[in-house]
Structures are given as structure tokens and as C-alpha cells.
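>>> A predicted structure for the sequence below; I have some questions about it.
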Number of protein chains: 4
Amino acid sequence: MVRVKLFGAGGYGGIGLIELLIRHPEASLAALVDVQGVGQRLSDMWPYLRGYCDEVIIASDSNEAKAVEADVVFCATPDGVGQTAAPAEVAAGRKVIDYSGDYRFNSVELYREYATRIGRDPEHKAPDLLKESVYGLTELHRNEISTARIVGNPGCFAVSCICGLWPAVKTGLVELEGICCDCKTGVSGAGKKPVSGFHFPERYDNSNAYRLTGHQHVMEIERELSDLAGSTVHVTFTPQVIPMVRGILSTLYGRLPEGITHARVLEAYRDTFAAEPFLDVRDFTESVGTSDVRGSNRLIVTVATDERTGTFRVISHVDNLVKGQAGSALQNMNVMFGLPETMGLDQPPQHP
Amino acid sequence: MVRVKLFGAGGYGGIGLIELLIRHPEASLAALVDVQGVGQRLSDMWPYLRGYCDEVIIASDSNEAKAVEADVVFCATPDGVGQTAAPAEVAAGRKVIDYSGDYRFNSVELYREYATRIGRDPEHKAPDLLKESVYGLTELHRNEISTARIVGNPGCFAVSCICGLWPAVKTGLVELEGICCDCKTGVSGAGKKPVSGFHFPERYDNSNAYRLTGHQHVMEIERELSDLAGSTVHVTFTPQVIPMVRGILSTLYGRLPEGITHARVLEAYRDTFAAEPFLDVRDFTESVGTSDVRGSNRLIVTVATDERTGTFRVISHVDNLVKGQAGSALQNMNVMFGLPETMGLDQPPQHP
Amino acid sequence: MVRVKLFGAGGYGGIGLIELLIRHPEASLAALVDVQGVGQRLSDMWPYLRGYCDEVIIASDSNEAKAVEADVVFCATPDGVGQTAAPAEVAAGRKVIDYSGDYRFNSVELYREYATRIGRDPEHKAPDLLKESVYGLTELHRNEISTARIVGNPGCFAVSCICGLWPAVKTGLVELEGICCDCKTGVSGAGKKPVSGFHFPERYDNSNAYRLTGHQHVMEIERELSDLAGSTVHVTFTPQVIPMVRGILSTLYGRLPEGITHARVLEAYRDTFAAEPFLDVRDFTESVGTSDVRGSNRLIVTVATDERTGTFRVISHVDNLVKGQAGSALQNMNVMFGLPETMGLDQPPQHP
Amino acid sequence: MVRVKLFGAGGYGGIGLIELLIRHPEASLAALVDVQGVGQRLSDMWPYLRGYCDEVIIASDSNEAKAVEADVVFCATPDGVGQTAAPAEVAAGRKVIDYSGDYRFNSVELYREYATRIGRDPEHKAPDLLKESVYGLTELHRNEISTARIVGNPGCFAVSCICGLWPAVKTGLVELEGICCDCKTGVSGAGKKPVSGFHFPERYDNSNAYRLTGHQHVMEIERELSDLAGSTVHVTFTPQVIPMVRGILSTLYGRLPEGITHARVLEAYRDTFAAEPFLDVRDFTESVGTSDVRGSNRLIVTVATDERTGTFRVISHVDNLVKGQAGSALQNMNVMFGLPETMGLDQPPQHP
């Protein structure tokens, strides 16, 4: 039984993991840690969990939190928390999975660029641990994850874009220059904190692009794509919010190299994803929507090459809170502890 | 292992049951039967079920459907189907749980009144079976359900109103005359068929009352409340649709008898629900919303007596598709087969 | 031309009035006053108003605000602002229309009770002005409003309940004891400030009752109904929020006196509302929803007496931001300045 | 006074025009014509219009409809209706504005290609009239529209894409090859007919691309852009539906030619749009959403060039029912009758 200590229990990323852990036959919750709601039962903060998770939240910096016996620590926390908390956890022999950007780049130089972009201290607090961290897109880094002590769980937009482009970038089915990622996300990706733009009356019939000066997720997308391509890839990334709660719809454009047909692209995606339990491919004549992955750890890519204009196009569908966050995190835990990768992730969601 | 044959597999009531059955350790799907989508895999109709339920839908009137080996038959079908289909199933030794009004009244007279109200043929097609049918509100009819061959699963509004009024009606905490049930439902209660009033642009910012000339659910509410009270109870029932998908919020009003205090009402509800795994009570100082029961088989009642005006008031929260439909049906199956009542219903939903 | 000075320009109540004023042929905006956004153009805060209202917001306590030449002052502000601001305005010869509870009660005793209920200082800051204030439900107080110097615009719930009950209470068509007001409101009624309960992911599929210990609007409802009935009326009031933006659906219950028929109730409403340009009556066989009044100053009452159970029932539909707020305010202005009551309120809204 | 005869009065395109006409000081409704709801008052079908438009709908093929005295005929009708109805109207001396694709292409060859694409009879029924038809994007064809007898109002997606790309394509600020139009639309664009994909429970948390094999609007986009560029332009067009009612958000990508800077693109848009009353430009540091144009005839373009990757990017915001449909149609009517172009379109919408 894998004993789990969870930092950031009360956020969407925390409760998303708890929902999954309760169904997981080989994991158990050891402690709920947070900075908000300390002393409350989690089910007082989130009544839908009453009877399922009535544990009391303990303070991040408490001795109680330090003394918890656990095998794995999830940091479902914003940037900056994991780099402070993780070193002691790893030193104590626990594996760590961090949701933020703290461990998505295993060099201080890349981290510095990332931190600058989001307006944080560019100096990483745990540079040694950073160096051994593994990027937690399970499908691309399964082997390293299986032995990693520290995993940087990917950003939700990054999951959708990297999985959507991977087979094409790796096998030369798209020109590496000029890739554009047009990404639409539901509001839950921004977390539970109420702000003006997500106030119900301001959002119920409103869509907009944001952070057009540069969203931080672009860095991990470019790094992964560059690794896959074997040469530098830059992408244009347009994050957009729509009046939806769960789901990301990413439409990915590029130039189709001379001689590459739709059939060939489709075949490449099918071949690459054939062995992947959570990645699915559809041809563009099939109808797919984000509700087909809502609540699930599945990612569906529609191959929709436009041969008439010589445009490469694939559309990626994912639930930002599952495969885009807590689901990927649990998938990584399974790999790190030698469990079947789909364990706890093999139940259907509810519809509608 | 209880083998399940499901009529009406492709509707919201059918897929709602399938979602639950897949998590149930002692039940297995034997056959998906429907009149629509015959020959298709259910997961082609509902892609979110791919990998979870890829069985092919067979025709209701096919020999294949008749030959299915099953222990229980769910009729997740509209009024009229179960009364034709159930007799043969029961004769073949299978227990039947019907979602519609076909078996909610165990007399031909009451059925006649019900059928007239909804504009259907007043003569029941299986009067003998009707007589032995049991009303499937598990909490009130557990014993009879445990040995029943045919159960009429309750209407979603009825679940919310009966559970909300039961303790008060039974123990004289509300005047029996003048009870008003103000019920607001999400749209999924009307099923998957697109109609003008539930077209997204017509519904996204629109609420309305409907069937003010008389909704059929009022009959089962009055029958059950009368049985509990030991004398005839009539209620005013106002069904309303609001721009929500899952959930019923029923606010139940009546006159507080002389000398009855809020404290006494609250205590009665707590006592009555203490042993019920799916019924929960809150005082009116606690905040509750339908999202607290969304996706779950739980029903939460808030006791909100208004002593100032002498008004009895409780507010009932339920997910119309779970405790209001498929969840109750599965709960009944558990009781009918001697399984723990909460089996397959003990996992947390997803939020938000 | 009536020159308008507007306090609280940047809130929903402020912009709602501005939208209407721009269409009004006999009114002009003299000044936008607020405590937030001072120095900004209103259209920078609300870009949809660019080209329609590019005036700069000035500070409430500035000399500039004091020196504005105006004929009428709207306080589209929360409780407490109007009682401080209004005396000087009235002294300067301007008429004042206040949106809050500050001038809804023309006695210090009633105000004290109201203020206590909402946790504010029970001593009114302008007791003399309070005494001459007129309650701004135009249909009931047209004559006094026409000569008033200070009008307390009614609460949105109060508009829906008082108009819905007025003809019945006045002419003895409902028992005065035991009236219950079941009110469902869209989120915009709570204003533009983001809070957790109105965060899009927490509200999109969630309904709940709130302030069950007592909502402040009940006082003005009871005062008006008592005046109409000629004897004390108490009502049970249940405010509820549903995932809608604009609109209030109030279902109003009571006991039908012996011998009163549905036909008689319907006729009374038709008679009473016949001369009212903004009040409309429908029989319960007609379908009505809040979207039928969305964006308009109209209020529609459906008479839905339940003779079977002896229950009086009417359903009131109103847009909380128009007839429930800015529309009523403008209607009052028209009356106060001798303009046609419907001026600026006679254009159709947009649908869907 | 321009007398208006309206075909298709009962659809979203019809009522959208009526809302605007009622505010228009120089236009009057002469007749409401439709195939549905004949004999009903429009306000019985759409109760929000009661008191604003109580005219009775007359049958399209009736003598009454033929005899109507009118100056202009709007065909707010699907493909195929206008090509049958318009010739007689024009022959009778009336100007015609058609909403569908019937008159968007002034050659039988182009029409044939268009009709084939949408699965209709490729032979136009009024080829002579087709030849003199003018494409109704007012900003680009003002002069021809002013004297036209027949105008083909543009598609909503086309308005968003053509206005978004026009200044760049015309002045060489984007490479003509490789332009991608990523378009997200609210549901109202599909009309009032209920279908499964727009059933509230299926749409409230669901986004998807559709018609990936080719949407018919691409043809008019390519024709207009080619005319502007002076050479053939092909674009990749991705239509997507999101859970919104009003609004289109189109993100338009292309390659930035060598040496073209963001500043230069921004300046070109500002110059081109300077004299246009309904076209607005913003820099990418300013926040814009579709709610900023909701209910209005305004179109806002955000210039968001990505110099780092050499990508041209602009984002176009429009209300599909106003500037994308009825608003443009009225704007054309104004031009055709020598009225100020903004007449009847110069009032603010309601928010939220």
C-alpha cells in the first residue's frame, strides 16, 4: 500500500487527486496538508467528500506534517512551494510529485528563464534536486519516471499540445517552423480562487484570449518538442478561456511537408498511440468533443490534415483536471511504485 | 455475481446505471437492450464509455434479447414499456426494476388515475404483476423490496419530496393540510431528447414552472405521505426547470403545529435518518447546495423551520440522475439480492 | 432635459441605469461618481460602453462631484452610502433615488430593525430625510413619488413578491396567514464582486438556499402587504440562488379562502394590472419563463391556483436588474419629473 | 420611412432584425412572413416581444405576402429560399438583402461550387439576379451596396475572419500562404432548431470542432481575401462550437513577412479602421473578450503578432447575431437607402 502525503489538499488539484486515490486499491491517504483550512476536516470545506475523506487538514509547517509516515508526497501547490518542501521529503526517502513549474526543467538556466517569465525569484531553492527531476509526461518519460525521486508534473496546456504534436514532430510529418497551438480551456484550470474574470455573470457568455505576451507553458512544450524533433522547435501559443468548467480543446496547426498525406499522418498517430492506454486517435470524419474525455484520464487526438491548403492540423481533447493534472500525477505514482499504470484510473466518468 | 439485463441502455437512465454497475464488484452486464442504436456499440453512441462498455445494443423484441441469461432486469424506459416487458421476465425467474410509473402503484385503480393524468391508456397491461409490485423508495420499503419480484423505482421529484417530508409527516411535526412542494430541477431529468425548451440558447439564462395543471409525480408523493401519516395527505406541487443539468432543489412548506419548535423538528430528522447511509440532515445555519450531492446517491435535507411565522420548512437536495434514478435503482438491486445496500454506491463524485 | 448625477456608476446597478439613460430622450448624464475607478473612463472599466459612455469617473467626496449641476441623483450604492450623501443633495434642490435599504422605511424604528438585521449601525444618519422618503414601487406609490424629494427604490426580491401578491392581499383572495415566498434569483443580483459561491466552476451546476435565518427584503414585503391588507401580514421568505445571471422566479403560496375560485383570482389580477404598462398576467395554461422578461422592465405574473388542495399560488417573473432595480429607478424618475412613465423603457431586449 | 418586409421572421435572424428595426427611426415593419407560425402573432411565438411586435405572421406563398407594400425585403432564411423569392421582389422595385449563401457569389460557377459543398442543387434559380448581386460586407463594398438591388449578407464566421485579416492581406503584412482561421462560435449561430449536440445537458460543458471536411464559409473568406490581396489566397478554417450563446472568437494565424514588426501591423490596422464606425483595434496588452461586443454591431480586432516565432496573429471578436448577421443586414439597408450607416445601431447593449 502506497501511503500518500498531500500538500495543497483543499485546491482543485488536491481534491481531484483525493477522488482518484479513494478508488485506488493500492494507495492510502496518510495526511492532508495545506495552508488554508488547517484544523478543519476536508469534508467541511468540501461537503461532497463527507464520508469519503473526513481527515483533518494539518499545517504545512507543523511538526505533525513533518512526522507523517508516507511513501510519496504530492505537492498540489502553486509555483514556489515544492522547491522549498521537496528536499526534506526526498531526504526522508519519499518520492515527490510536484504539480507546479518547480521541477519541470532540470537545469537552473531553464528554470531561471521560466521563473522570470512568471515574475518569480529566478534562483531555484533546490538546484541539486532540480537537476535530477524528471518531466512527468508519463508517455514520454516512463522509464526515467519509474526510478525518479522527484517528478515535475506537466502543465495542462502542455499535456494537450505535446501529446497532440508528438508523433508528427518525431517523425517529420510537420514542418518544425511555424507551429501554432490554439488552446481553449475551461475555467477550472485557473483554480478555486474567485476573480473578476471568472465571476459567473462575467463569464457565462464570454470567451477571451489572455497572456498574449507569453504564457509560461510554452517553455515546456518547446523543450519537449525540441527533444522529440532533435532540433529546436518554437511554437506560437494562444491560451484562451471559454465558459466551460472542465476541458481543454487545443487545435494545433503547422505546415505539411511536401508529399505527406493525411493518410500517412493518421497512420503515424495510430502507430504511436497503439500501446498507450490513455491516448486515443480519431479520423476527422468522426465527431469528438471535450465531453468525451470529461472526468477521464483519456486524451483524444483528432487528425484533421487539410491537404487542400497543405496544412497539418490535429485537435487534442483533454480534461485539464484529470489527464491535465491529478490523473497524470496518479499515473506517475503508479509508474514510480511499479503498479499497473492504469490502476485507479480505469473507471468511467459520469455523463452528462 | 448478479447478471444484469438493461432495457433502455442508451438513455440518461441507462448510462447512469452502467456507470455505477462498472464500479460494482458483484454485478455484471449481461445485455444492453434498446429500440434505438441497435447493432451499434454503446460506446459509439456514447464515446466517453469507450473501453468501459463496448457491448453492442440488441433489439428489445429480438430473440437474442429474450435468450439473455440474467438475474435482474432494469427497465430504464419510459412509461408503457415495462408493463409489456416485465411479465415475461418475471415468469422467467428474473427480478425486475422499472424506472417509469408502470409499477409505482399496486392497484389498477390508482394506475388508471395516473395513466389518465399523463394521457396514456388507463388499462394496465399486466394487472396481476402490478398488484405485487413494490414502490422502490428503499428507505421506506426495504423489507418488501428484499423479497419483491417487481419494483417500481420512484420518480426523481418524488424521492426529493418524500424523503424531505417523511419524518415530519410520520411524527406530526407538520400540519397535513396545506403542504407545498416547490421543486426546481436540472434539465437532465427530461432525458436526452432535444426539444425547444432545452435548446442551449433558450435555456442558458431561463427558468420556468411547467405542468401547473398537474404533474404525475404528485400521486406517488401523496400516496406515500398518506401511508406515513395514516390519513390522507394532499400536496401542492410546483415543478420548475432551471438552467442546471444535474440536481433537484425542493423547498417544502407547511404549517407548524402549535408547540412544535425548530429544535424538535431537527431532532426528529436526525433520529429518523441516523441509520440511513444515504440520507443526511443539516441545520439551517449550515450552507448546502445541490453541488454537494452532485454525482452521488446522497440526499441532504436542511431543516429550516421559520418559528416567527409558524412555518414548517425543509429543503431537500438530490442528484436527479443518481439518488433520483439510477442510484436508487442500484440500491434496490442490492437489497433484492442480499448485498450490502451501499455496494457500488460508495465512491466520491468529481468536483467541480 | 433631466440632468443625472450617478453615484455607484461602476456597479451592475450603475451600468444598468446608464444603458437605459442613453436611450432616454429627456435625460442626460451629468456626472459619474464612484469610489472605485476614479479617474478612469467608465468605458475603460466596461469596454462594451465605449463610444456610449466615455465620461471619466469622479470621486464621491470630491469638490467636483459636489459642484455637478444636476436635477436628480441616483445612489446605485450599497446600504449606508445614500443616508450620508442624500441630505446635501436634497438641500441643493436635487431629487434623490436610492437603490439600497437606506430609504425604504420612513421611520427610524423600522430602519433600526432593518439595519440590525443586516448587521449595520441601527441609527440612521439622516432621520429627518428618512421620514419624508417614499417607497419606490411605482405602481403602488405613484402619487407620492410624483412629489417626493427622496425615493427608496425597492429590493429586487421585494418587487417580485409584492407585485405578485398585491391584488390577492388587497382583495382578500388569499389568507393573510401562512404566505410563503419561494424566490430563485440569478447571480447578478449579488453584484459584480467575485466571491467563492459565484466563482464559475462552483456555480455552473449548483443551486442553494441562503440567509435562511432571515433575509432583509422580507421587511419591506411585509410592510407593503400589511398596508395593502389593512392588517399585519407575515411571510416566510426563502431566497435561493440558481445558475442563471438575470432573472427572479418567485413562486408565492398561500391558503385560498373558502369559496374563492381560480377564475376569480385570475380576474382580480387582470383587473388590477389592466392599466399598468409594466405588469402582465397569464393563466397557468400559458407557458412563461424568466427569459420572457429578460432585459425588460416588465413583470409577468402567472396565476396558478390549485383548487384541488385549496392553495393560492402565483408565479412572478422579473429581471432583477431592470424592473428589479435600474428600470424601476428610471420609472420613478419619469414620475418624479412628470415624464411619461414608460419613457426610455419602451424598447425590446435582445434574445437569446 | 423605409418599409420592411421580412421573410423568416420567427428565426433568430428574424427576431434579431426586428429588435433593431424597432429602435430605428426611419424604418417600419410592413410584413412578417414565414413558413412556420402562420396566423400567429410573432409575440405569441416570442413573448418577450409582446407590445413591441404583435403583428401576425403571414404565409410566404400567400397573396397577402405578395401584395405587401415595401421598399426593402430581408430574407432571414436558409439557403435556397432567397433565390426563389428575390426575383419577383426585385422586379417589383424592392431592394433585397438575403442572409444566406444564395447571393454571396456573383457567378454561377462559384455558386455551383458552394452549393455542391453544402449538398444543394448546384444550379442557381436566378442566375441573372445572381450576377448583379453584391457581397454585403459593408466596410468593403459600401459603394456597390449603395446602388445594389440585391445584397448577399455575409456569413458570421466570414465577417470575423475577413475583417480580422483585411488590413494585413491588403498591405502585405502576412504571407498569403498558410493562413489559418481558428474560429469558436456560440450556439446561437446554428439557429433555433433543437438538435442533440445543442441539447443543454450535452452542451453546457462541451466544446468541439465540426465540419472538418470543409465549412462553406471558407469560400467567401477566400474570395474576399483574394480580391484584397490581388492574388489567390487559400485559408485553413476550423469551425468550433463552445458552450456560449452569442459571440465568435476567431484567432487568425499566418507567417509574418521578413522585416514586418508588430508595431507596423498595429499601425496598419489602426489606419485602416480609423474611419470605420464599427471596427475597433486593440493592442495585445489590452484585455478583450467576446462580452465586450455582445449585443453590439461592433467588431474588435486584437493585434497580437508573435515576433519571437515570426507569426502573424490577430484575434477577432464579434457577436454572430448582430455584426455577424442582423446588424450587418441593417447596416446595409442604411447604405442602400442613403441613411446614416450607424442609424438604429448606435445604442449600447445590456450587460451582464
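Alright, I've got the coordinates. Residues are numbered from 1 along each chain as shown, chains lettered A, B, ... in the order given.
>>> Get me the contact residues on chain A for chain C.
Within chain A, the positions near chain C by C-beta under 8 Å from any C-beta of the partner chain are A:12, A:186-188, A:192-196, A:198-205, A:243, A:245. Where you see a C-beta, it was placed from the backbone N, CA and C, and this is true even at glycine.
>>> Can you narrow those down to the ones near chain B?
When C-beta under 8 Å from any C-beta is taken as the criterion, the members of these that contact chain B are A:Y12, A:S188, A:Y204, A:D205, A:V245.
>>> Select from those residues the one having the most neighbours.
Most neighbours among these, by other C-beta atoms under 10 Å in any protein chain shown: A:S188, with 29 neighbours.
>>> now that residue, what's its secondary structure?
When classified by DSSP: H, G, I helix; E, B strand; the rest coil, A:S188 comes out as helix.
>>> residue contacts, it?
Taking C-beta atoms under 8 Å, 6 or more residues apart in numbering or on different chains as the contact definition, A:S188 lies against A:Y12, A:V245, A:R246, A:N320, A:L321, B:P352, C:P201.
>>> A:H351 reaches B:M45, doesn't it?
No - under the contact definition of C-beta atoms under 8 Å, A:H351 does not touch B:M45, with a separation of 11.3 Å.
>>> Those two: which has the busier surroundings?
A:H351 (23 against 15).
>>> Excluding chain neighbours, what is closest to the more buried one?
Setting aside the residues directly before and after it, A:H351 is nearest to B:Y48 in space (C-beta to C-beta, 6 or more residues apart in numbering or on different chains), at 5.4 Å.
>>> my read is the one you found is in a strand, agree?
No - using three-state DSSP, the assignment for B:Y48 is helix, not a strand.
>>> how about it, what does it touch?
The contact partners of B:Y48, taken as C-beta under 8 Å, 6+ apart, are A:S291, A:D292, A:V293, A:R294, A:G295, A:S296, A:P348, A:P349, A:H351.
>>> Save those as CSV, and put in pLDDT too.
As requested, the contacts of B:Y48 are exported to CSV (pLDDT from 0 to 100):
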residue, pLDDT
A:S291, 98
A:D292, 98
A:V293, 98
A:R294, 98
A:G295, 98
A:S296, 98
A:P348, 93
A:P349, 95
A:H351, 97
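>>> which residues in chain A form strands?
For chain A, the strands identified by DSSP state E occupy A:2-7, A:27-34, A:57-59, A:72-75, A:95-98, A:134-135, A:150-152, A:179-185, A:208-209, A:235-241, A:248-255, A:279-283, A:299-303, A:311-318, in order along the chain.
>>> which stretch among these comes nearest C:D128?
Checking the strands of chain A against C:D128 by C-beta to C-beta gives strand A:208-209 as the closest, at 49.4 Å.
>>> So which residues of the stretch 251-352 of chain A form helices?
Under the criterion DSSP state H, counting those that start in this stretch, the stretch 251-352 of chain A carries helices at the ranges A:262-273, A:327-336.
>>> Just say which of those is most tucked in.
Comparing the helices of the stretch 251-352 of chain A on average neighbours per residue, with mean count of other C-beta atoms under 10 Å in any protein chain shown, the densest one is helix A:327-336 at a mean of 26.
>>> Check whether that one comes near chain B.
No - using C-beta under 8 Å from any C-beta as the criterion, no contacts between helix A:327-336 and chain B are found, and the smallest distance is 10.8 Å.
>>> Now do the contacts for the residue in the stretch 51-200 of chain A positioned nearest to chain D.
Closest residue of the stretch 51-200 of chain A to chain D, C-beta to the nearest C-beta: A:D182 (4.2 Å). Taking C-beta under 8 Å, 6+ apart as the definition of contact, the neighbours of A:D182 are A:T238, A:Q240, A:S250, A:T251, A:L252, A:Y253, D:D182, D:T238, D:T251, D:Y253.
>>> I'd like the distance between it and chain B.
Shown here: A:D182 relative to chain B, a distance of 23 Å by C-beta to the nearest C-beta, to the nearest Å.
>>> With A:Y103 instead?
Per C-beta to the nearest C-beta, A:Y103 is found 26 Å from chain B.
>>> so what's that residue closest to, chain neighbours aside?
Spatial nearest neighbour of A:Y103, chain neighbours left out: A:G152 (3.2 Å); criterion: C-beta to C-beta, 6+ apart.
>>> pLDDT score assigned to that neighbour?
You'll see A:G152 listed with a pLDDT of 98.
>>> for it, which residues make a bridge with it?
A:D98, A:Y135 (DSSP bridges).
>>> Identify the residues contacting it.
A:D98, A:S100, A:G101, A:D102, A:Y103, A:R104, A:F105, A:S133, A:V134, A:Y135, A:G136.
>>> what's the neighbour count on the fifth one?
Put plainly, it is A:Y103. Neighbour count for A:Y103, taken as other C-beta under 10 Å: 29.
>>> Over to the fourth one?
The criterion is other C-beta under 10 Å. On that basis, A:D102 has 32 neighbouring residues.
>>> ok, so what distance separates it from A:V151?
Using C-beta to C-beta, to the nearest Å, we find A:D102 at a distance of 11 Å from A:V151.
>>> cool, and the first one?
As defined by C-beta to C-beta, A:D98 lies at a distance of 7 Å from A:V151.
>>> I'd guessed A:R149 sits against A:A91; true?
No - using C-beta under 8 Å, A:R149 is not in contact with A:A91; the gap is 9.8 Å.
>>> Give me the more crowded residue out of the two.
The residue with more neighbours, out of A:R149 and A:A91, is A:R149; 17 against 10, by other C-beta under 10 Å.
>>> residues contacting the residue lying closest to the more buried one once chain neighbours are set aside?
Ranked by C-beta to C-beta, 6+ apart and with sequence neighbours excluded, the top spatial neighbour of A:R149 is A:V90, at 5.1 Å. For A:V90, the set of contacting residues under the criterion of C-beta under 8 Å, 6+ apart consists of A:V96, A:L129, A:R149, A:I150.
>>> If we use 10 Å, what do you get?
For A:V90, the contacting residues are A:V73, A:V96, A:A126, A:D128, A:L129, A:E132, A:R149, A:I150, by C-beta atoms under 10 Å, 6 or more residues apart in numbering or on different chains.
>>> Stretch A:314-329 and chain D in contact?
Yes - contact of stretch A:314-329 with chain D (C-beta under 10 Å from any C-beta of the partner chain) involves A:I315, A:H317.
>>> Tell me how far that stretch lies from the chain's centre.
Relative to the chain's own centre, stretch A:314-329 is displaced by 6 Å; criterion: C-alpha atoms, centre = their mean, to the nearest Å.
>>> mind exporting it as PDB, just the C-alpha atoms?
Provided in PDB are the C-alpha atoms of stretch A:314-329 (Å, rounded to 0.1, in the frame of the first residue of the first chain):
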ATOM      1  CA  VAL A 314      -4.600  17.900 -35.200                       C
ATOM      2  CA  ILE A 315      -7.100  18.600 -32.400                       C
ATOM      3  CA  SER A 316      -6.400  17.500 -28.900                       C
ATOM      4  CA  HIS A 317      -9.100  16.900 -26.300                       C
ATOM      5  CA  VAL A 318      -8.300  16.500 -22.600                       C
ATOM      6  CA  ASP A 319      -9.800  17.100 -19.100                       C
ATOM      7  CA  ASN A 320      -7.500  19.700 -17.600                       C
ATOM      8  CA  LEU A 321      -8.100  18.400 -14.100                       C
ATOM      9  CA  VAL A 322      -7.500  14.700 -14.800                       C
ATOM     10  CA  LYS A 323      -5.100  13.900 -17.600                       C
ATOM     11  CA  GLY A 324      -4.100  17.500 -17.400                       C
ATOM     12  CA  GLN A 325      -3.300  17.300 -13.700                       C
ATOM     13  CA  ALA A 326      -4.400  14.800 -11.000                       C
ATOM     14  CA  GLY A 327      -4.800  11.900 -13.300                       C
ATOM     15  CA  SER A 328      -1.300  12.300 -14.800                       C
ATOM     16  CA  ALA A 329       0.100  12.700 -11.300                       C
END
